[in-house]
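>>> following is a predicted model, sequence given first.
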Amino acid sequence: MADIGLIRKRLRTEIDQARRSAAERRERSTAASRAYQAFLDDIATPAFRQMATVLRAEGILFEMQTPSGGVRLVADRSRDDVIQLELDESQDPPQALLISTRNRGSRMIRTERAVKERAAIDKITEDDLIERLFDEIRPWLG
């Protein structure tokens, strides 16, 4: 039978480690939130605005919207057709996600993809975002 003192000591060590890990994760999440807000203001919103303008000029009608904490393109012909940018804090490190929702008859197709896999948000460039936007907008181009 194991010594109760050893078990208790190990439990205290595990509790301390869990608390340190949680504190470090909160710090990473806070830093990612700040980086995401800067990314949203400086890169994402202008890129989405440019994409909406170019799509509209080509006769593909999308409207840009800026809900709190994100930006999205919404199709004029179906409000259920959306491409939006969000921060996914459930991942470690937190990721900027592009979420696409398309209606195909009675089916709803939803995809979620990181703008740049496993990259810190402050390392995502405008080119990375535009490339991923093109990947997501393709179904509406045909």
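Cool, the structure landed.

>>> going forward, measure contacts between C-alpha atoms and count neighbours the same way
Will do.

>>> pull the CA atoms of the longest strand anywhere in the chain into PDB?
If you go by DSSP state E, the chain has its longest strand at strand 95-104. Extracted as PDB, the C-alpha positions of strand 95-104 are listed here (Å, rounded to 0.1, in the frame of the first residue of the first chain):
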ATOM      1  CA  GLN A  95      -5.800  30.900 -33.400                       C
ATOM      2  CA  ALA A  96      -7.400  33.300 -35.900                       C
ATOM      3  CA  LEU A  97     -10.100  31.300 -37.700                       C
ATOM      4  CA  LEU A  98     -11.900  31.800 -40.900                       C
ATOM      5  CA  ILE A  99     -15.400  30.200 -40.600                       C
ATOM      6  CA  SER A 100     -17.400  29.700 -43.700                       C
ATOM      7  CA  THR A 101     -21.100  28.900 -43.700                       C
ATOM      8  CA  ARG A 102     -22.900  28.000 -47.000                       C
ATOM      9  CA  ASN A 103     -26.400  27.000 -47.700                       C
ATOM     10  CA  ARG A 104     -26.700  24.300 -50.400                       C
END
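
>>> could I get the buried residue list for it?
95, 96, 97, 98, 99, 100, 101, 102 (16 or more other CA atoms under 10 Å).

>>> ok, which stretches of the chain are strands?
62-65, 71-75, 82-88, 95-104, 107-114.

>>> ok, the second one: who's next to it in the sheet?
Okay, so that is strand 71-75. strand 62-65 (antiparallel), strand 82-88 (antiparallel) (DSSP bridges).

>>> contacts for that strand next, please.
Strand 71-75 is contacted by residues 40, 44-45, 48, 52, 61-66, 80-86 when judged by CA atoms under 8 Å, 6 or more residues apart in numbering.

>>> got it, and the first one?
By CA under 8 Å, 6+ apart, the residues outside strand 62-65 that reach it are 48, 49, 52, 55, 56, 71, 72, 73, 74, 75, 76.
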